[in-house]
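Peer 1: When you get a sec, could you give me coordinates for this:
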Amino acid sequence: MPLRPDVTLDYLRNRQKGRLPDLLGIQVVSLGEGTLTGELVIRPELLAPNGFLHAATVVGLADTCCGYACIAHLPDKAQNFTTLELKSNHVSTARDGKIVAKASAVHLGRSTHVWDATVTNGDGKLIAMFRCTQMILY
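Peer 2: Predicted structure coming up:
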């Protein structure tokens, strides 16, 4: 599916106001054919009680980036999407700085999309690998 011209970075930024991505502090930084990149600055509220980055923060960023990418690549006449399945593998963590998620299309069908995201710290060190399957809603 080609990138929808009506879905811009500003459109996505406005869509998240007052919602979880806004609460987490997610910033969408780039959108292209089959890809979307977002980031967030780590702050104490996003850490687990052990002082390390909470896994839910990482998943929230990755899932948001994949979801926004899905919106930007919806087929003609599709209205929205919902998540069917998601999985993440965490291989590292962080305590400060920022994390970056890059979503990439794996499958862009008329009834489902599959998206992968890699989450890294500000220096590019891998933190997590994420995959989700989205059901396209008409």
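Peer 1: phi, psi of D22?
Peer 2: Main-chain torsions, D22, degrees, to the nearest 10: phi -70, psi -40.
Peer 1: Please identify the buried residues of stretch 61-79?
Peer 2: Residues of stretch 61-79 classed as buried by neighbour count (16 or more other C-beta atoms under 10 Å): 61-74, 78. (C-beta placed from N, C-alpha, C; glycine too.)
Peer 1: Spit out the contact partners of the spatially most central residue of the chain.
Peer 2: For the chain, the residue sitting closest to the mean C-alpha position, by C-alpha atoms, centre = their mean, is C65 at 1.8 Å. When contacts are counted by C-beta atoms under 8 Å, 6 or more residues apart in numbering, C65 touches I26, V28, L36, T37, G38, A101, K102, A103, A117.
Peer 1: what's the answer for L40, then?
Peer 2: Counting by C-beta under 8 Å, 6+ apart, L40 has contacts L24, G25, I26, Q27, L46, T57, L61, K98, I99.
Peer 1: Angles on the backbone of it, please.
Peer 2: Per degrees, to the nearest 10, the backbone of L40 is at phi -150, psi 150.
Peer 1: With L61 instead?
Peer 2: phi -70, psi -50.
Peer 1: Equivalent analysis for T120, please.
Peer 2: For T120, the backbone dihedrals (degrees, to the nearest 10) come out as phi -130, psi 160.
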